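S.K.: Attaching a predicted model along with its sequence, questions to come.
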Amino acid sequence: MIHIEERRVHTGRRASDLQREQELSMLRAELEMLMAEREHLLRTVGAAAMFVAKMDDHVDVLPKDSYDAAYFVAQAVNTLPEETLNDALESVRMTYGETLEDNKARLS
């Protein structure tokens with residue numbers, strides 16, 4: 001009888017281990033998906049921040065509708081934590097080789 005009980009406990013552990021491994025696998029996949037989405041969002045926000053910064057000196061030539069849209073983008077970008085904004089700008093730099101300093105040098 002003792003051997004049968006040990007098998008049941010051991011079998012139960014295997015089933016719970018298998019379930020735990022499946023849950024961990026699903027969590028890893030979800031985390032990878034979220035990290036990829038974060039990278040995409042950082043590139044998008046970085047590009048928007050770069051656009052706003054580059055257009056800042058050219059506000060007078062924007063049509064009214066474009067100015068309003070740029071203003072809303074600027075407001076959204078300005079609400080980001082500094083670390084997130086820096087990550088976003090770094091993502092743009094790494095992806096496209098573009099920096100705010102490059103823009104300043106061209107405008108000078």
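M.R.: Looks like it came in fine.
S.K.: least trustworthy helix or strand in this structure by mean pLDDT?
M.R.: The least trusted helix or strand in the chain, going by mean pLDDT, DSSP states H and E, turns out to be helix 100-107, with a mean of 49.
S.K.: what number of residues lie near the closest residue to residue 67 other than its chain neighbours?
M.R.: Excluding the flanking residues, the one nearest residue 67 by CB to CB, 6 or more residues apart in numbering is residue 59, at 6.4 Å. C-beta: built from backbone N, CA, C; applies to glycine. Residue 59: 11 surrounding residues under other CB atoms under 10 Å.
S.K.: Tell me if I'm right that residue 59 and residue 68 touch.
M.R.: No: between residue 59 and residue 68 there is no contact under CB atoms under 8 Å: 11.4 Å.
S.K.: Chain neighbours aside, what residue packs nearest to residue 88?
M.R.: residue 46 is the one closest to residue 88 (CB to CB, 6+ apart), at 3.6 Å.
S.K.: tell me the contacts of that neighbour?
M.R.: 88-93 (CB atoms under 8 Å, 6 or more residues apart in numbering).
S.K.: In strands only, show me those residues.
M.R.: Among these, no residue falls in strands (DSSP state E).
S.K.: between these, which is closest to residue 51?
M.R.: residue 92 (10.0 Å; CB to CB).
S.K.: Now do the closest one, the pLDDT please.
M.R.: For residue 92, the pLDDT comes out at 87.
S.K.: Hmm, residue 50 and it touching each other?
M.R.: Yes: Residue 92 is within contact range of residue 50, at 5.6 Å (criterion: CB under 8 Å).
S.K.: secondary structure element for residue 23?
M.R.: helix 2-55 (DSSP states H and E).
S.K.: after that helix comes which helix or strand?
M.R.: Taking DSSP H and E, what comes next after helix 2-55 is helix 64-78.
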